[in-house]
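Colleague: All I have is the shape, not the residue letters:
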């Protein structure tokens, strides 16, 4: 769960569709927090996941190069 320091909190005004707001409120109920906290958790998790995906994407060329090196050296069978 997100760890947000009270010192760093800023007030934000947002426009959301009713459907999205209902989904956020349902999520808030399931984790027993208020809507604002639920939105903070969801946004933090989404940004963390995006950063993780970017890291994987950044590593893919290196993984491909290593795989080619291992295949060419006979230490790994080529996958198709």
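Modeller: Sure, I can see it. Worth saying up front: this structure is predicted, and the values here are computed from it rather than measured.
Colleague: The lowest-mean-pLDDT helix or strand in the chain: which residues count as buried?
Modeller: When each helix and strand of the chain is scored by mean pLDDT, DSSP states H and E, helix 35-72 comes last, with a mean of 93. Neighbour-count burial for helix 35-72 flags 38, 39, 40, 41, 42 (criterion: 16 or more other CB atoms under 10 Å). Any C-beta I mention is one placed from the backbone N, CA and C, and that applies to glycine too.
Colleague: Sort out which one of these lies nearest residue 63 for me.
Modeller: Taking CB to CB as the measure, residue 63 lies nearest residue 42 of the buried residues of helix 35-72, at 30.4 Å.
Colleague: list the contacts for the closest one?
Modeller: 24, 27 (CB atoms under 8 Å, 6 or more residues apart in numbering).
Colleague: Could you pull up phi and psi at residue 9?
Modeller: The phi and psi values for residue 9, taken as degrees, to the nearest 10, are phi -80, psi 130.
Colleague: measure it to residue 21 for me?
Modeller: Note on residue 9: its distance to residue 21, by CB to CB, to the nearest Å, is 20 Å.
Colleague: of these two, who's got more company?
Modeller: Between residue 9 and residue 21, counted using other CB atoms under 10 Å, the more crowded position is residue 21 (14 against 10).
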